[in-house]
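# Return a 3D structure for these sequence lines:
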Amino acid sequence: MSISYLNGEYQPLAEARISPLDRGFLFGDGIYEVIPYYGGKSVGLMPHINRMINGLAAIEIKNSHTAEEWKTLLDDLVERNADMGENLGVYVHISRGTDVKRYHPYPENVEPTIFCFCFGIKDPEPLDRSAVTQYSLVSTEDLRWQRCHIKSTALLGNVMHFQEGYSTGADEALLYNANNELTEGSSCNVFVVKDGKISTPIQDNQILPGITRRIILDSLKSDGNLDVEERIITMDEVRNADELWITSSSKEIAPVTKLDGQPVGNGEVGEIWEQAFKVYTASKFDF
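The predicted model follows:
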């Protein structure tokens, strides 16, 4: 049975309880992270923790843990759940805490609710592009809030966009802004390949600062064999791309072969994906 962490105590996940007056429940007032561990080794743990600490500061939730203390807590939780399997995801959820009433302003003198648990994740995809899982997307205008750089637990906008894709049989929804510029997916970042060059949208308030996105950019730039850049990308470019990828902690780098019912490029997983995924796989535990 999964062992969870809740406000300083380890307990079976099925026994974890919070108050219905918790602001995470009432307002979605909190920050979260999902961190993958493969064979007990984390991917991007400190970048995840630092993003979480920055998010807590951005919405003024008290953080009483140092980055190293967070690392120790999460590593310990993974060890306690070793019987769940070799590959685990860790979900971390920090809300502002529980007040005595429902009231919009930030309350004073409340302690944050800290909740963490583990769940099984699939094995990494094979490096062979003939055997990797392929994804299908639909595109839609991005109607979420304008602070997407904060990894808020208030995910209704993302859920509704994801449902748009899911209800049509697609695996994800690809989002664009009012200027017809690519932002991200409902639960992932996006990369576009054209004529051998890899591009991804500029990091701003329209997209989440994805940890996998950052690892990909840093590892490819360090490797030096593939051309990669951050820039504004129009949806016309997306529709004419040779390759399209979605990236996240759970998907790593996932090749997209269909968008809005039409093939991406030649409709097959591309050679650049295979090269990039090999570079990423070789370096992902270094972050």
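
# which stretches of the chain aren't confidently modelled?
Per-residue confidence of the chain (counting by pLDDT under 70) places no residue in a weak region.

# now the helices for it?
23-27, 45-58, 67-80, 156-166, 211-223, 235-239, 271-283 (DSSP state H).

# Nearest to Tyr106 among those would be which one?
Smallest distance to Tyr106 across the helices of the chain (C-beta to C-beta): 8.6 Å, for helix 23-27. Bear in mind the C-beta positions are built from the backbone N, C-alpha and C, glycine included.

# ok now the closest one, how far from the chain's centre?
Remark: helix 23-27 is offset 21 Å from the chain centroid, using C-alpha atoms, centre = their mean, to the nearest Å.

# In contact with Leu175, which residues are there?
Leu175 sits next to Ser139, Thr140, Glu141, Asp142, Arg144, His161, Leu182, Thr183, Glu184, Gly185, Ser186 when contact means C-beta atoms under 8 Å, 6 or more residues apart in numbering.

# For it, which non-adjacent residue is spatially closest?
Closest residue to Leu175 apart from its sequence neighbours, by C-beta to C-beta, 6 or more residues apart in numbering: Asp142 at 3.8 Å.

# count of residues packed around that neighbour?
Using other C-beta atoms under 10 Å as the criterion, Asp142 is surrounded by 23 other residues.

# Which residues are in contact with it?
His161, Leu175, Tyr176, Asn177, Thr183, Gln206.

# what's the nearest residue to the third one if we skip its chain neighbours?
Think Tyr176. Met235 (4.9 Å).

# hang on, the one you found packs against Ser139?
Yes - using C-beta atoms under 8 Å, Met235 and Ser139 qualify as a contacting pair, with a distance of 6.8 Å.

# Could you tell me which residues touch both of those two?
Each of Tyr176 lies in contact with both Met235 and Ser139 under the rule C-beta under 8 Å, 6+ apart.

# of the helices of the chain, which approaches Asp195 most closely?
Nearest of the helices of the chain to Asp195, taken as C-beta to C-beta: helix 271-283 at 9.9 Å.

# List the contacts of that closest one.
Outside helix 271-283, the residues within contact range by C-beta under 8 Å, 6+ apart are 124-125, 127-129, 132, 193, 196, 198, 215-216, 219-220, 222-223, 225-226, 242-243, 245, 252-253, 255.

# what's the answer for stretch 180-189, then?
Taking contacts as C-beta under 8 Å, 6+ apart, the residues outside stretch 180-189 that touch it are 137, 142, 148, 158-159, 161-162, 164-165, 172-177, 190, 192, 200-201, 206-208, 210, 212-213, 232-238, 246-248, 251, 254.

# repeat that for 7 Å
142, 158, 161-162, 172-177, 190, 200-201, 206-208, 210, 213, 232-235, 238, 246-248, 251 (C-beta atoms under 7 Å, 6 or more residues apart in numbering).

# Which of those fall within strands?
Counting by DSSP state E, the part of these found in strands is Glu172, Ala173, Leu174, Leu175, Tyr176, Val190, Thr200, Ile246, Thr247, Ser248.

# which of the residues you listed sit farthest apart?
The span of the ones in strands among the contacts of stretch 180-189, defined through C-beta to C-beta, is set by Tyr176 and Ser248 at 18.4 Å.

# Please tell me how far Thr113 sits from Val279.
Computed as C-beta to C-beta, to the nearest Å, the Thr113 to Val279 distance reads 39 Å.

# can you pull the buried residues of stretch 240-249?
Residues of stretch 240-249 classed as buried: Ala241, Asp242, Glu243, Leu244, Trp245, Ile246, Thr247, Ser248, Ser249 (neighbour count, 16 or more other C-beta atoms under 10 Å).

# just stretch 137-156 next, same as before
Taking 16+ other C-beta under 10 Å as the basis for neighbour counts, the residues of stretch 137-156 that come out buried are 137-140, 142, 144, 148-153, 155.

# which among the contacts of Leu175 gets closest to Met46?
Out of these, the one with the shortest distance to Met46 is Glu184. That distance is 22.7 Å, counting by C-beta to C-beta.

# what about the closest one, how many residues close to it?
Counted by other C-beta under 10 Å, the residues lying close to Glu184 total 26.

# now swap in the one 4 residues further on and tell me
Using other C-beta under 10 Å, Cys188 has 25 neighbouring residues.

# let's have the chain start at 20 instead
Got it, the first residue is 20 from now on, which makes the last one we talked about Cys207.
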